[in-house]
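Asks: pasting the sequence and the predicted coordinates here, then a few questions.
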Amino acid sequence: MSRYLSQALDDIGVVQDMTDLRRHLSLLDETLETMMCISQGFNSTFYIVGSQSEGTTTLDMDSDKDCLYILNDYLVVFDWAEWVQGKYNLLAIRDNTTPPQLCYLQRLRHDLPLKMDHPVHPTDEVDEEGRVLVSNKWMEDGLWEVFNHLGPMKTHGPSRGFENNVDLVFAFPCASMPEECEFLFRRPRAGHFPKPETLERARHCPTFLMPQGHPFSEDKHYQWRISTSLWERFLMFDFTAEQQHVYVLLKMIRKSFIKPVFGDKLSTFHMKTAVMFTIEICQPDIWRTDNIIACAVNCLNTLLRWIRMGVCPHFTTSGVNLFDGKLDRRELHQLRDVIMQIKSHNMWCIYQIKMDMLGLRLLPTIRIMEDSRGHNNQLKILRIILPEIPNKVSFKMTELMYDSRRQNVYEAVEGIMDHLRLLHSTLYSGSSLEREAASQLLPHMYGTLASILASCCITLQLPLTQFVINLYKLSFQSDLMSTKLKYASMLYCSGQCAAAAQLLTHCEGLLGPDVHHYCTCHGRPFSVDQSYAYLENGLGGNIVDLLKSQSTLCVKFSIHEVCCVPVHLQCEMFRTLTHEDQQLRHGHTLWMDLVVIDCVSFLHYLQYLVYRQLGQSARKMAALQKLKDYVCQPGGIRGHVDTALHVLAHCMELENQPDVAFIYYEHSVQAYPRNNIANWHLARLLQ
C-alpha cells in the first residue's frame, strides 16, 4: 500500500523534479520582487514562505501564497547596545507575564539611543512607565491606507490580503537572535536532522517580529510574535522525497477529515511540526517508499502524545505551546478520538480521500489507468505555476511606466538609468538567483529606455543615434516579440516603413502553435492554455529560455514613448473619461494609463499601416484580413479585445467604411462599458 501511495503522490505532482521547479520559481519570484522594491526606493525584502515555496502542495489543495515583506528601515533590538543610528529602532520588552514567543515594542529615537517620549501614530499607547508602545494594528491601518483601493481586506492570523489565495505579512527584522530561538541549536539530537550545514545556515538567518498577539490576552493589540519562517523553510528543503510524501499525505488527511470538524484550529503548521520532530527522533532508514504508511502513523503518534499532554512544542522556539489559544481540553479530547479513528485499520481512511482523487488512484483498476498519467499531472501544475515569472516582470514594468507619468522625460530617463545601474551591478556581483532575475528585467528596461529616447528624437526631428538602436537590439532578449514590435512601431512612426515591413515579416515568422501569449492586465484575461509542446519544453528545459524564446507579453507604451506609437493608439492612454470610470479604477488597473495591446493584433495592425504607407495594396489587405481573423476567431479573442477592436475599426475608417468601424467600436463598448476609449470614438464618428 505504501508503494502504491507513493506512486499516487508522484502522479499528482509530489515528485522531486516538480518540487525543485516550484521552489526555484518561488525563489526567483521573491528575488524579482525584492530587486524591484530596492530599485524603486523601498528598503524592504520579500519572501515567499509556506507551501508554495516548499513545494508541498497539490492542484486540489489550493494552498495560499504566503508573502512576507520585511521592512528594513526598522530594527527590533533586545538590548540598548544593539541600537543603530538612522534606523527606526524598536526595543523588545518582555517580563514574567508576557506569553512565550511574544513581546511588546517600545519606540526609540532614530538619532540618539533614547526612548521616544511621545506617541508617533494614533494607535500608539503610553504605558504606566511612560514607554511608547507600538500597536500591531498600526501595521494594519498603514496597510489599509495604502491599499484600500484594492477592496476589502481579509485577515487571517498576522496576514492581511486583498486577493484570493495571497496573504501578506509585514514584519520587522531583529537585530539578533531572540534567546528562546537558541533552543534549536542547543537541544540534544541524533544529528541526522537537521543537517549541520542547515543549522549553520539558520544560525545566520534573520528572525522577525510579526503583528500578532495572544488571542486571549487583554493586551493582544500591543503584542508582537517572533517568527522563524526562513529557518522553517530551510528545514523543509532538507526533507527527502519520502518525508515530503508523508507530510503532503498528512496535509491531505487534515484537510479531508480534521478540518471539517475543527476548522483551522489544528493547522498545517501543527502537522509540519509533528513531522519535523518525528524525523528528528526516528532513524533515517525508516523513511522509505515502502514504509510511507508506517511513517505517517509515527507522525500521528507524535501528535497524539502531545494531545495527551496538552502541549505541542515549537520546533525552533522554546517555551511555546502551539495548542495554546487554538484548542481547549474538550477539543483536544475530541481530536484524539478523530486521529485514533484515522489510524485505525492500517490507515484505511486514505482510500476515502477525494482530494486529487488520491483514494481512487490506489484502487487496482485505476492504478493501471493512471500509470502513464503522472506526467500529464505535472504539466497541469506547470500550467499554473509557470505564469508567475512573466506576470511578475510584466506587472513590475507596468508599475515603473505608470509611476513615470508624474515625471518629466528627463526624470523618467534618469529613473530607468538608476534601475539599469542596479541591475548591472547585480548581474555581475549578485547570487545566481539575483543574476537570473536581473536577466529577466534588463531587456525590458532597455526597450523602455530606447523607446523614450527614440520618442524624444522624433519630437525634436533628430536622427536616431546608434546608442538608441543598440538599446533596442539589447531589448530583443526580453521575450519572443513584444520589444521587437516596439522597435517596428518606432520605425513606422519615424518614417522608416521599409525597415519596419522587413522586421514585421520576421516577427510574423516567429508565431506558431507552440508560442504562448501572457497577459497580466487585470480585467483582460488571456486564458488560453499553454500548448502541450510548450509545457513539455518547460518541464524538460530551462524556464528562462522558454520565456524568452516561446513566450510573448503585451506590448506597453508609457506617456514618454508617445511619439513611437501610431496616433490612433495614443488615445488608449486616456480611456478613463468620466468620474464613474475613475470610481471603477483600483490598484490592479495601473495599465489603463498606458497603451497596451496584444502582440498579434499589434503585429497585423502595424503591417496594415506600413503596407498602406508603402502603397502595397495586396499586402495591406492581407494584413487587414489577418487582423479580422484574429479578432473574429471562433470562441472570441482573449486579452485586450477592446484595443484589438479599436485598431480594426481604425483600419475600416482608413478604408472609408465608417459604418463598419462604428459597429466594431460598439462591440468594444458592449464588452467593456467603462474605462473604454471607444466611447469617445463613437462620439467622434457621430459628429
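Replies: Received it, and whenever you're ready, just let me know what you need. Values in this document were obtained by computation on a predicted structure and should not be read as measured data.
Asks: CA atoms for contacts and neighbours, from now on please.
Replies: OK.
Asks: state the helix or strand in which residue 261 lies.
Replies: helix 259-262 (DSSP states H and E).
Asks: which SSE is immediately downstream of that helix?
Replies: According to DSSP H and E, the helix or strand after helix 259-262 is helix 268-281.
Asks: spatially nearest residue to residue 393, not counting backbone neighbours?
Replies: residue 441 (6.5 Å; C-alpha to C-alpha, 6 or more residues apart in numbering).
Asks: would you list the phi and psi of the one you found?
Replies: Phi and psi for residue 441, reported as degrees, to the nearest 10, are phi -90, psi -40.
Asks: residue 45 now?
Replies: phi -120, psi 140.
Asks: who's sitting farthest from the centroid in this protein?
Replies: Within the chain, the residue lying farthest from the chain centre (C-alpha atoms, centre = their mean) is residue 615, at 47.1 Å.
Asks: what's the neighbour count on the residue nearest to residue 393?
Replies: 24 (other C-alpha atoms under 10 Å).
Asks: repeat for the one 4 residues further on
Replies: Under the neighbour criterion other C-alpha under 10 Å, residue 445 is assigned a count of 22.
Asks: same thing with residue 632?
Replies: Neighbours around residue 632, by other C-alpha under 10 Å: 12.
Asks: cool, residue 364 as well?
Replies: Neighbours of residue 364 under the rule other C-alpha under 10 Å: 11.
Asks: next: residue 199.
Replies: Neighbour tally, residue 199, other C-alpha under 10 Å: 17.
Asks: contacting residues for it?
Replies: residue 185 (C-alpha atoms under 8 Å, 6 or more residues apart in numbering).
Asks: ok, now residue 353?
Replies: 252-253, 256, 359.
Asks: pull up the per-residue confidence for it.
Replies: Residue 353 is assigned a pLDDT of 94 by the prediction.
Asks: for it, grab phi and psi.
Replies: phi -70, psi 120.
Asks: what distance do you get for it to residue 241?
Replies: Per C-alpha to C-alpha, to the nearest Å, residue 353 is found 21 Å from residue 241.
Asks: now do residue 48
Replies: Taking C-alpha to C-alpha, one finds residue 48 at 21 Å from residue 241.
Asks: tell me which of the two has more neighbours.
Replies: Regarding residue 48 and residue 241, a neighbour count based on other C-alpha under 10 Å identifies residue 48 as having more, with 25 against 18.
Asks: give me the element that one is part of.
Replies: strand 44-49.
Asks: now the following helix or strand past that strand: buried residues?
Replies: For strand 44-49, the following helix or strand on the C-terminal side (DSSP H and E) is helix 51-54. With burial defined by 16 or more other C-alpha atoms under 10 Å, the residues of helix 51-54 counted as buried are 51-54.
Asks: now do stretch 652-668
Replies: 652-653, 658, 660-662, 664-668.
Asks: most surrounded residue in the contacts of residue 353?
Replies: Neighbour counts for the contacts of residue 353 peak at residue 252, which has 24 neighbours (criterion: other C-alpha under 10 Å).
Asks: which residues touch residue 38?
Replies: Taking C-alpha under 8 Å, 6+ apart as the test, what residue 38 contacts is residue 44.
Asks: ignore what I typed, I meant residue 423.
Replies: Counted by C-alpha under 8 Å, 6+ apart, residue 423 has contacts 438, 441-442.
Asks: equivalent analysis for residue 25, please.
Replies: Residue 25 touches 385-386, 388-389, counting by C-alpha under 8 Å, 6+ apart.
Asks: helix, strand or coil for it?
Replies: helix (DSSP: H, G, I helix; E, B strand; the rest coil).
Asks: give me the pLDDT value at it.
Replies: 90.
Asks: where does the stretch 301-450 of the chain have low pLDDT?
Replies: 365-374 (pLDDT under 70).
Asks: can you pull out the helices in it?
Replies: 329-347, 358-361, 364-370, 374-385, 388-403, 409-429, 432-459 (DSSP state H, counting those that start in this stretch).
Asks: out of those, which is closest to residue 607?
Replies: Closest to residue 607 of the helices of the stretch 301-450 of the chain, according to C-alpha to C-alpha: helix 432-459, at 19.3 Å.
Asks: which helices and strands does that closest one pack with?
Replies: With contacts taken as 3 or more C-alpha pairs under 8 Å, 6 or more residues apart in numbering; DSSP states H and E, helix 432-459 sits against helix 16-39, helix 388-403, helix 409-429, helix 466-475, helix 482-493.
Asks: go again using 7 Å as the cut-off
Replies: helix 16-39, helix 409-429, helix 466-475 (3 or more C-alpha pairs under 7 Å, 6 or more residues apart in numbering; DSSP states H and E).
Asks: which stretch among these comes nearest residue 523?
Replies: Closest among the helices and strands packed on helix 432-459, using C-alpha to C-alpha: helix 16-39, at 22.4 Å.
Asks: possible to save the helices of the stretch 301-450 of the chain as a markdown table with distance to residue 41?
Replies: Converted to a markdown table, the helices of the stretch 301-450 of the chain look like this (distance: least, C-alpha to C-alpha, whole Å):
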| stretch | distance to residue 41 |
| --- | --- |
| helix 329-347 | 49 |
| helix 358-361 | 47 |
| helix 364-370 | 51 |
| helix 374-385 | 29 |
| helix 388-403 | 12 |
| helix 409-429 | 10 |
| helix 432-459 | 17 |
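Asks: out of those, nearest to residue 553?
Replies: helix 388-403 (7.3 Å).
Asks: now residue 225: which helix or strand?
Replies: Counting by DSSP H and E, residue 225 is found in strand 224-227.
Asks: that strand pairs with which strands, parallel or anti?
Replies: strand 102-107 (antiparallel), strand 208-210 (antiparallel) (DSSP bridges).
Asks: please work out which of the helices of the stretch 301-450 of the chain is packed deepest.
Replies: helix 432-459 (a mean of 22; mean count of other C-alpha atoms under 10 Å).
Asks: now find how far off-centre that helix is within its chain.
Replies: 22 Å (C-alpha atoms, centre = their mean, to the nearest Å).
Asks: what's the angle between it and helix 466-475?
Replies: 140 degrees (axes from the mean of the first three to the mean of the last three C-alpha atoms, to 10 degrees).
Asks: next, the buried residues of stretch 70-89.
Replies: Under 16+ other C-alpha under 10 Å, the buried positions of stretch 70-89 are 70-72, 74-78, 82-84, 87-89.
Asks: which of the residues you listed sits closest to residue 434?
Replies: Of the buried residues of stretch 70-89, the one sitting nearest to residue 434 (C-alpha to C-alpha) turns out to be residue 70, at 17.8 Å.
Asks: report the distance from stretch 573-587 to the chain centre.
Replies: The answer for stretch 573-587 is 26 Å, by C-alpha atoms, centre = their mean.
Asks: which ones among the contacts of residue 353 are found in helices?
Replies: Among the contacts of residue 353, the members found in helices (DSSP state H) are 252-253, 359.
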